[in-house]
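>>> here is a sequence together with a model predicted from it:
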Amino acid sequence: MRLRLPGAGRAGRAVGVLLAVVLAAAALPHVMPGSAALAALGPTATPDQIAAYDRRIGAGQNVLSGALHWLGGAAHGDFGTSLSTGVPVATELGERIPVTLELFLAAQLVALAIAVPLALASAWRPGGLLDRIATAGAFLWLAVPGFVLGLVLIWVAAVQLRILPATGWVRFGQDPAQNLKDLVLPALTLGLTEAAVYLRTLRAQLIGTLDQTYIAAARARGMATRRLLVRRALRPSALPLVTLIGIGLGMSLGGSVLVETLFAVPGVGNLAAVAIAGRDFPVVQAVVVLSAVGVVGATVLVDLFYRRLDPRIAHEHR
Amino acid sequence: MSTADLDLPATESGATNPSGPPVGLGRRNRRNRRIPISVLIAVGWLALVLLAVLAAPLLPGLDPLRGDFAHPAAPPGAGHWLGTDADGRDVLARTIAGARASFAVAALTVLVGLVLGGTLGLAAGWFGGWTDRIIGFATELLMSVPALIMVMIAVSLRGPSLPVIGSLIGLFTVPSFSRVVRAVVLSLADRGFVVAARMIGTSPWRILRREIVPHVAAAAAAFAFTATTVAIVAEGSLSFLGFGLRPPAPSWGGIIAEGRTTLGSAPWISLAPAAALCLTVLAANYLGERLRSADQKGGPAR
Amino acid sequence: MTDAWTTAGGTIAGATIATAATATSSNATPPLLSVESLSTLIHTPDGRALRILRDVDLTIEAGECLGVVGESGSGKSFLARTVLGVHGRTDRVETTGRVRLDGEDLLSAPPRRRAAVLGTGIAMVHQDPMTSLNPVVRVGEQIVEAVTNRQRLPRGQRRALAARLLQSVDVPDPERRARAWPHELSGGLRQRAGIAAALAGEPRLLLADEPTTALDVTVQRTVLDLLDRHRVERGLGVLLITHDIGLLSGRARRIAVMYAGRIVETGRTEDVTAAPVHPYTAALLRSVPRVTGPLIRTLPTIAGSPPDPASNAPGCPFASRCDRAEALCSAEAPPLVRVSDSHTAACHRPLIPAEESCS
Ligand SMILES: Nc1ncnc2c1ncn2[C@@H]1O[C@H](COP(=O)(O)OP(=O)(O)O)[C@@H](O)[C@H]1O
Ligand SMILES: [Mg+2]
């Protein structure tokens, strides 16, 4: 059960969360006035330089007017200008969001291609050999963090086998084949990590579904096992998985910082890492807000999708 | 997304189902009688790592900083069990030193998460109403911001110190701790023994202390293991990105990242601490899961 | 309307009984369903072996309704599942005996053959219409499964077939109902949909497992009447499972009384209900709610509970609950003996003396 602020529905709460994030993002330069400038310009910076820097990033204004100012700009698609490159933040994001989304989609493909068939086969015979192997495997796999997995993949595929590039990125428009090659390792790193989580979630849900009378009833009408699993059991079991994917989508907009940095993929996450290291506050602010918009937006999307998946939910809310 | 972004596993707190009076350890032990070998192995591994962390400074051979210039990037062998890095430093010694940093971050994370999250969860579940709503909103807010990016920002402003990193990662475990605890409190609130205690006029504090907290503690302890792994992985990710603890006291993530450049010629520099990290995460995950299921099974009176 | 069906069903039912009787006596063709010394052993995950069915024998002719009655937990549903050959997906069930459909033994048939019978040879109607329809699949799609599992049908034909099937079970506005989601239908409509789904494959045998238990009394009757009508129209064999022996009067030609996985008494419905031989049957009859004028009196259920399926105690399973039990009853299991031509019972101390032992 979600908590509710009285008088505010889901939408109201979502707006509240977003406003709070905008405020927090606007407050970033204020956290330690001057410190950002000092950090960016180095210890030799003169007070004048610091003051000029603070003006550019909006430090010294009060937080509320800073937030309003930012919102006003954002409403017109103006998120400010990158301090380090001088490129408008909106332009920068516009180039990087497609890259991050491509990576996200590829990772989801990897995760689902592994998790769904394994979950179906495991749940059909819980406690069977395949199930025990898959369950134990997923548990072991969960202990491998993304950066370790990425490193091992680089070691195996790029260093030992020399079949894939370790890092780098060519846009799909430039060279589709190279783009797909560049995509493999980062997508595997993200996807394989997700696969274990998806497998566990879907399997648990499927086991519950497969014990339902309606599954036995469909079997009694002569439905073959494969068809039964895919056409009748998967959908009623998909809600938690859809939630995970949706939240993953929302978070991916903020970028998967680690994987994009590790493989030098020029997505939003990479941008964020570089901007934070360089105290490029306009960029950082935009990424933080974008990420929150992604998470909140994904929650709403997931909710809408729920209704498609399970007609009873649409019914309840009518 | 993925472990990279410090996401906590979906807490199965809703399934936590305590009931009846608290089950003492003694009773649980009697029921299970034997401790499974897998638990012994997990506890054993964690104990070994802890012991190494505590004992390493006392052992002369395990100086993480002293370079053996005669043997740079030496593969694992007799002199150096896990080999040496590019500067001839002993990888085993560095792995142990990395464990110290990682464990320190994890300890601070769990402390912050447990104290803050536990308190908020107790308050939300016990008082309900506006308290619950406000805490719920704060929780949602905290979960909507990109945790890893926020910690990176903080590190860039405040510097990569243990208190900054540990307490911030801890802050982002607060929502999960709070939800776990809140769920337990809610499931207890209308249970017979709580209602009975209320009816005979026991003071709320006493009920909280005597009836609620023991149950909450079991669930929170199980989750503390999960938070430990989250902290270790998150700190590792930070280090990997260059936002983690700095030399001379790098964590596992930092050491792994350092070895990245020599992955082709000397993979052990990265892979040895990586293996240690994975095993530790695995052991903590496993114990957390065992505790959680023991808590669920131990609950319903049978 | 309802009343008209009842009358029609009753009359035609009488006619079918005659046909069925002829079929038996001629003995030229095998019965539609013949179950011979069917026993099952379930191996539970914790290592126990449960004997759920023990030496069950029964036959059903085409167009005949056999009532199977017994307390909850006596193994009725398990019997239906075993006849169908579909158990819980994780159950380890060992089955011995024969289940013949039109003479063909399904238990020894290869899996493909058994699968081919599902839905088309034997179909099942489930107890609870609320849980036996998939909540996320439109009603029409589920109803036509017995057909679409075997051949691809374009959507238009599926819809038309679903509507036709719903119409045949008296669902008003069938086109719209076929497109509905299960939660949009009432309990009675859902159960009709369940029956339509069972009839879709034009089965010869229908296993109806307490098809009306979840419905309210007025709906119960129309649903049972509906089953009757299809039985008569299609010559459908029906195994009607219920815990309410009163429900079978006028509907089932014969009754099999089940207790602890055994058939303890069989006979023509009127014989068994008028003069029960087994004390358990008599107790079941006493516990039926009877309508006396405007007053419904519920009589007490039978004291005690059925034995644990895991127990292998000798003797009559009802002995501990039976007020007529004597030493022999708990020492030796009573064989099924013939009371009259068509009436058998397994009891050492029958309420009516047995004529001879039947093998
Ligand atoms: N899959 C199973 N595993 C173990 N025991 C079962 C299983 N199915 C049924 N039983 C047991 O078999 C007995 C008969 O059950 P059931 O056929 O459902 O009875 P009825 O339908 O007459 O109420 C019960 O004691 C039940 O506990
Ligand atoms: Mg039943």
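Structure's in. What do you need? Ligands and ions are numbered 1, 2, ... in the order given.
>>> tell me the contacts of residue C:44?
Contact analysis of residue C:44 by CB atoms under 8 Å, 6 or more residues apart in numbering or on different chains lists residue C:50. For glycine as for every other residue, the C-beta is placed from the backbone atoms N, C-alpha and C.
>>> mind checking how far it is from chain A?
Spatial separation of residue C:44 from chain A under the definition CB to the nearest CB, to the nearest Å is 12 Å.
>>> phi and psi next, for that residue.
phi -80, psi 160 (degrees, to the nearest 10).
>>> domain ranges for chain A, per the record?
The record assigns chain A these domain ranges, following automatic domain parsing: A:12-74, A:93-316.
>>> what's the answer for chain C, then?
Split into domains by automatic domain parsing, chain C comes to C:1-121+C:203-306, C:134-202.
>>> in JSON lines: the ones you listed, plus mean pLDDT.
Converted to JSON lines, the domains of chain C look like this (pLDDT from 0 to 100):
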{"stretch": "domain C:1-121+C:203-306", "mean pLDDT": "83"}
{"stretch": "domain C:134-202", "mean pLDDT": "94"}
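>>> just the ones you listed: most buried one?
domain C:134-202 (a mean of 20; mean count of other CB atoms under 10 Å in any protein chain shown).
>>> spell out whether that domain and chain A are in contact.
Yes - between domain C:134-202 and chain A, judged by CB under 8 Å from any CB of the partner chain, the touching residues are C:134-137, C:142, C:145-146, C:149-150, C:181, C:183-184, C:194, C:197-198, C:200-201.
>>> likewise for stretch B:112-122?
No - Stretch B:112-122 is not in contact with chain A by CB under 8 Å from any CB; minimum separation 12.3 Å.
>>> what sits closest to residue A:286 if chain neighbours are left out?
With CB to CB, 6 or more residues apart in numbering or on different chains as the criterion, residue A:286 has its nearest non-adjacent residue at 4.3 Å, and that residue is residue A:79.
>>> that neighbour contacts residue A:284, doesn't it?
No - contact criterion CB atoms under 8 Å: residue A:79 and residue A:284 do not qualify, at 10.8 Å.
>>> these two: which is more packed in?
Here residue A:79 and residue A:284 are compared on neighbour count by other CB atoms under 10 Å in any protein chain shown; more neighbours surround residue A:284, at 26 against 22.
>>> pull up the gap between the residue most central in space within chain B and chain C, please.
Taking CA atoms, centre = their mean as the criterion, residue B:228 is the residue nearest the geometric centre of chain B, at 0.7 Å. According to CB to the nearest CB, residue B:228 and chain C sit 33 Å apart.
>>> and that residue, which helix or strand is it part of?
Remark: residue B:228 resides in helix B:213-241, with elements defined by DSSP states H and E.
>>> what is that helix packed up against?
Helices and strands in packing contact with helix B:213-241 are listed as helix A:146-153, helix A:257-262, helix B:91-112, helix B:118-127, helix B:147-158, helix B:162-189, helix B:252-258, helix B:268-298; criterion 3 or more CB pairs under 8 Å, 6 or more residues apart in numbering or on different chains; DSSP states H and E.
>>> and the domains of chain A as JSON lines, adding distance to residue C:247 and mean pLDDT?
Listed next are the domains of chain A as JSON lines, based on distance: least, CB to CB, whole Å; pLDDT from 0 to 100:
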{"stretch": "domain A:12-74", "distance to residue C:247": "53", "mean pLDDT": "72"}
{"stretch": "domain A:93-316", "distance to residue C:247": "22", "mean pLDDT": "89"}
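>>> so which of those is nearest residue C:315?
domain A:93-316 (34.3 Å; CB to CB).
>>> name the nearest residue to the residue of the stretch 201-350 of chain C found nearest chain A, sequence neighbours excluded.
For the stretch 201-350 of chain C, the residue positioned closest to chain A under CB to the nearest CB is residue C:201, at a distance of 6.9 Å. What sits nearest to residue C:201 in space, not counting adjacent residues and going by CB to CB, 6+ apart, is residue C:146, at 3.1 Å.
>>> for the residue of the stretch 201-350 of chain C closest to chain A, helix, strand, or coil?
Three-state call for residue C:201 (DSSP: H, G, I helix; E, B strand; the rest coil): coil.
>>> could you name the specific helix or strand carrying the nearest residue to residue A:212 once chain neighbours are set aside?
What sits nearest to residue A:212 in space, not counting adjacent residues and going by CB to CB, 6+ apart, is residue C:131, at 6.6 Å. Following DSSP H and E, one finds residue C:131 outside all helices and strands.
>>> so what's the backbone phi/psi at residue C:131?
Residue C:131 has phi and psi values of phi -110, psi -10 when expressed as degrees, to the nearest 10.
>>> near it, how many other residues are there?
Burial of residue C:131, expressed as a neighbour count using other CB under 10 Å, amounts to 17.
>>> so it sits against residue A:215, correct?
No - proximity of residue C:131 to residue A:215 does not meet the contact threshold set by CB under 8 Å, at 10.2 Å.
>>> so what would you say the end-to-end distance of stretch B:204-223 is?
For stretch B:204-223, the first and last residues are 25 Å from each other (CA to CA, to the nearest Å).
>>> now it: buried residues?
Burial within stretch B:204-223, assessed by neighbour count using 16 or more other CB atoms under 10 Å in any protein chain shown, is assigned to B:207-208, B:211-213, B:215-223.
>>> spell out which parts of the stretch 51-200 of chain A neighbour chain C.
Within the stretch 51-200 of chain A, the positions adjacent to chain C are A:124-127 by CB under 8 Å from any CB.
>>> by neighbour count, which of those wins?
Within these, most neighbours by other CB under 10 Å means residue A:124, with 20 neighbours.
>>> hmm, the residue nearest to residue C:201 is touching residue A:219, no?
No - counting by CB under 8 Å, residue C:146 sits too far from residue A:219 to count as a contact (11.5 Å).
>>> contacting residues for the residue nearest to residue C:201?
Going by CB under 8 Å, 6+ apart, residue C:146 touches A:221-222, C:119-120, C:123, C:197-198, C:200-201, C:203.
>>> looking at the residues you listed, which are in helices?
In this view, the contacts of residue C:146 that belong to helices under DSSP state H are C:197-198.
>>> these two touch, right, residue C:237 and residue C:64?
Yes - using CB under 8 Å, residue C:237 is in contact with residue C:64, at 5.7 Å.
>>> angle of the helix holding residue B:228 against helix A:146-153?
Taking axes from the mean of the first three to the mean of the last three CA atoms, to 10 degrees, helix B:213-241 and helix A:146-153 form an angle of 50 degrees between their directions.
>>> for chain C, see how far away residue A:309 is.
Taking CB to the nearest CB as the measure, residue A:309 falls 7 Å from chain C.
>>> got the residues of chain C near ligand 1?
C:42, C:44, C:50, C:52, C:70, C:72-78, C:88, C:91, C:309 (CB under 6 Å from any ligand atom).
>>> give me that answer again for 8 Å
Residues of chain C lying close to ligand 1 by CB under 8 Å from any ligand atom are C:42, C:44, C:50, C:52, C:70-81, C:87-88, C:91, C:93, C:209-210, C:241, C:243, C:258, C:261, C:306, C:308-309.
>>> out of the residues you listed, which are inside helices?
Restricting the residues of chain C next to ligand 1 to those inside helices, with DSSP H as the criterion, leaves C:76-81.
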